[in-house]
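Q: predicted coordinates and the sequence they were generated for:
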Amino acid sequence: MIIVMKPGTTPEEVNRLKDEVELLGCKGSITQGENYAIIGLVGDTRNINVGQLEARANVAKIMHVAEPYKKANRLFHPKDSVYKIGESSIGGKELAIIAGPCAVESEEQLLSIAKDVKRMGATFLRGGAFKPRTSPYSFQGLGQEGIEILKEARRITGLPIVTEMMSPAQVGAFGEEVDVIQIGARNMQNFDLLKAVGQLRVPVLLKRGMAATLTEFLMAAEYIMAGGNEQVILCERGIRTFETYTRNTLDISAVPVLKKKSHLPVIVDPSHAAGIRWLVEPLAMAAVAAGADGLSIEVHNNPEKALSDGQQSLLPEDFKKLVDRIRPIRKVIQGE
Ligand code: PEP
Ligand code: MN
């Protein structure tokens, strides 16, 4: 629910009304525009008598938000969210380029890839330490040791690290030392996990579930934000359709739709969408052309021997070519 105040209402009056409605059990946040102040209400608004509220002298109107997500909604937060993370950022003018292997396999492997991608233009380093594999017999990741290797790679390259958390039990292992916590597609609606990361104050890269609608995706973001962690990054990584040529179908329209509906940064993972190496570059180009704020790309120094997702991983030199091809597209999109 949104309360639109009449022009000329003083900030004190707006604050007083916010405090008043909060006593009825919901949470209010004020956005001060040039002419209007609005109070966005989230949570339980059942105790609010809408008729009485609308009759107040300083209330212009009450709007019911059709979408069930509030904190993620652009209505409450018209400006794009931008997060500064280490020396990098997501959501602003700079295109975020997250690159690295699917899984951290060894210190030697990660350091070699990290140095290469840094030199080639990556702004974040990715790598899974805890891996959600379809088969229980596949490599499950190095766990805590993988996190330590990522931290070492960050120390050497300066790149902020992005890695996946699979369970609330891993909060301790991640501490506040991981720069961006990834929630994978398979866990997009793991509500206990969403609540757990909602309690942290670390940016969360939330991947779209493979059968999730955009509203369900935004509601998952809302779970994290409702806990107080408002730094959520949305990642389109392909959805399941009848098409089997690609691993998933990249829903390119998700980019403009999410950016219209939400102020959160939207990035695209063409690697997991394509599932095939040669398709990663064209999908990355399409994503940037559609207005994505960043990309997540799997890169491996020996894809043939990779312990996971080698078939879709780029060699460092191919990653460099991709970066060189997307830069001019980004410039056109930004009108430069
Ligand atoms: C990953 O990024 O390594 C991953 C497992 O992705 P997704 O959750 O999108 O399948
Ligand atoms: Mn992968």
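A: Yep, it's here. Ligands and ions are numbered 1, 2, ... in the order given.
Q: in a strand, that's where Ile233 is, yeah?
A: Yes: applying DSSP: H, G, I helix; E, B strand; the rest coil, one finds Ile233 inside a strand.
Q: ok, now how distant is it from ligand 2?
A: Applying C-beta to the ion, to the nearest Å, one obtains 17 Å for the distance of Ile233 from ligand 2. No exception for glycine: its C-beta is placed from N, CA and C like everyone else's.
Q: confidence score at Asp44?
A: On pLDDT, Asp44 comes in at 80.
Q: which ones are touching it?
A: Taking C-beta atoms under 8 Å, 6 or more residues apart in numbering, we find Asp44 in contact with 25-26.
Q: excluding residues flanking it in the chain, which one is nearest whichever residue of the chain sits closest to ligand 2?
A: Proximity of the chain to ligand 2 (C-beta to the ion) peaks at Cys102, 3.2 Å away. Distance criterion C-beta to C-beta, 6 or more residues apart in numbering; nearest residue to Cys102, sequence neighbours excluded, is Asp309 at 3.8 Å.
Q: quick check: Phe174 touching Ser167?
A: No: using C-beta atoms under 8 Å as the test, Phe174 is too far from Ser167 to be in contact (10.8 Å).
Q: between those two, who's got more neighbours?
A: With neighbours defined as other C-beta atoms under 10 Å, Phe174 and Ser167 compare such that Phe174 has more, 19 against 13.
Q: residues contacting the more buried one?
A: Phe174 sits next to 147, 163, 165, 181, 202 when contact means C-beta under 8 Å, 6+ apart.
Q: where does the residue nearest to the last one when sequence neighbours are not counted land on pLDDT?
A: Closest residue to Val202 in three dimensions, ignoring its sequence neighbours and counting by C-beta to C-beta, 6+ apart: Ile181, at 5.4 Å. Per-residue pLDDT puts Ile181 at 98.
Q: can you classify Ile181 as helix, strand or coil?
A: Criterion first, three-state DSSP; result for Ile181: strand.
Q: quick one: it and Arg201 touch, right?
A: No: using C-beta under 8 Å, Ile181 makes no contact with Arg201, being 10.8 Å away.
Q: so for those two, which residue has more residues nearby?
A: More crowded of Ile181 and Arg201, by other C-beta under 10 Å: Ile181, with 25 against 9.
Q: beta-bridge partners for the more buried one, please?
A: Using DSSP bridges, the beta-bridge partners of Ile181 come out as Thr163, Val204.
Q: what residues does this structure have near ligand 2?
A: Within the chain, the positions lying close to ligand 2 (C-beta under 5 Å from the ion) are 102, 309.
Q: which residue lies nearest the spatial centre of the chain?
A: Ile233 (1.8 Å; C-alpha atoms, centre = their mean).
Q: for the stretch 101-250 of the chain, give me the ranges with low pLDDT.
A: Judged by pLDDT under 70, the stretch 101-250 of the chain has no weakly predicted residues.
Q: what about the strands in it?
A: Ranges of strands in the stretch 101-250 of the chain, per DSSP state E, counting those that start in this stretch, are 124-126, 161-164, 180-183, 204-207, 232-236.
Q: quick one: which of the ones you listed is nearest Glu12?
A: Comparing the strands of the stretch 101-250 of the chain by their distance to Glu12 (C-beta to C-beta), the top pick is strand 232-236, with 31.9 Å.
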